[in-house]
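Chemist: below is the sequence, then the predicted model.
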Amino acid sequence: MINPYQHDTAKWFIDFDAARRWFEKQSVVIVGSAPSVLKNKPGFIDSHDVVVRVNNYKLLNATGHRVDVHYSYYGNAIRKTPDELWKDGVQLCMCKCPDGKPIESEWHERNRKQAGIDFRYIYTLRRNFWFCPTFVPTKEHFLIAFELLDRHIPTTGFSAIHDVLQLAPRSLHLTGFDFFTSGLHNVDEPWQRGRDDDPIRHMPQRELNFIRGWMRAGLLTVDDHMKNLMGVG
């Protein structure tokens with residue numbers, strides 16, 4: 001069943017403050033797609049007030065079946081359709097990337113890698129995609145995480161964590177993230193490592209260090225696999 005309001009794009013875009021009502025004072029879980037997500041007990045993920053899933057999530061017994069918020073970069077690799085997200089119960093979409101070109105990079109210009117710095121193609125590609133309230137970040141909002149990571153593009157998972165922490169949840173739990181140490185994503189699909197010469201490529205270990213600090217500060221909790229990766233009890 002297609003949401004009858006799917007193509008009324010203009011009515012759905014919201015700002016960051018408007019997204020707060022989905023998260024404030026709620027117990028939130030952000031579910032990644034590393035193989036470790038399969039170690040959750042059935043029912044645990046769905047027991048939270050708000051379930052956030054990223055990119056091409058898979059719904060299985062261990063990973064739960066609720067999807068309240070879909071957080072994605074929404075580029076070419078995203079296979080989820082509006083119909084599928086609507087049927088899964090998505091009430092809010094959150095975009096990682098702004099509708100603009102927030103970054104200047106001589107390397108990307110020289111190598112014709114505009115998709116890594118200019119995200120306007122996403123909103124052309126998805127012009128008939130949006131079917132529910134959808135947060136689209138400003139350039140300034142996107143650059144906060146970029147600068148935090150010393151001018152490296154955050155992974156979608158890190159962006160989701162960084163954004164949700166700012167939306168005042170009562171609690172935040174992370175599961176199914178291994179920062180690509182398994183070489184897999186989407187539970188069981190090979191992850192394609194980016195080019196090492198890309199000066200703003202993902203830096204998963206740097207992201208892990210921030211999450212370790214947020215955990216120690218009591219801002220979030222993580223599953224046992226993440227604890228082992230971070231070397232914390």
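Modeler: Arrived safely. Numbering: from 1, shown residues only.

Chemist: so for the longest helix along the chain, what gets flagged as buried?
Modeler: In the chain, assigned by DSSP state H, the helix with the most residues is helix 204-216. For helix 204-216, the neighbour count (16 or more other CB atoms under 10 Å) marks 204, 207-208, 210-212, 214-215 as buried. C-betas here are computed from N, CA, C, even on glycine.

Chemist: and the contacts of it?
Modeler: With contact meaning CB atoms under 8 Å, 6 or more residues apart in numbering, helix 204-216 is reached by 148-150, 152, 154-155, 157-158, 161, 165, 174, 179-181, 220-222, 226, 229-230, 232.

Chemist: mind running it again at 6 Å?
Modeler: 149, 158, 179-180, 220, 222, 230 (CB atoms under 6 Å, 6 or more residues apart in numbering).

Chemist: need these in CSV with neighbour count and secondary structure, can you?
Modeler: Converted to CSV, the contacts of helix 204-216 look like this (neighbours: other CB atoms under 10 Å; DSSP: H, G, I helix; E, B strand; the rest coil):
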residue, neighbour count, secondary structure
149, 20, coil
158, 25, helix
179, 21, coil
180, 17, coil
220, 18, coil
222, 20, strand
230, 17, helix
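
Chemist: taking those residues together, which two end up most distant?
Modeler: 180 and 220 (19.7 Å; CB to CB).

Chemist: nearest to residue 72 among the contacts of helix 204-216?
Modeler: Ranked by distance to residue 72 (CB to CB), those are led by residue 158 at 13.3 Å.

Chemist: list the contacts of the closest one.
Modeler: Taking CB under 6 Å, 6+ apart as the test, what residue 158 contacts is residue 207.

Chemist: and it, how far is that from residue 27?
Modeler: In this view, residue 158 and residue 27 are 21 Å apart by CB to CB, to the nearest Å.

Chemist: cool, residue 21 as well?
Modeler: In this structure, residue 21 and residue 27 are 15 Å apart, going by CB to CB.

Chemist: residue 162 too?
Modeler: 19 Å.

Chemist: more neighbours, those two?
Modeler: Applying other CB atoms under 10 Å to residue 162 and residue 27 shows that residue 162 carries more neighbours, namely 19 against 15.
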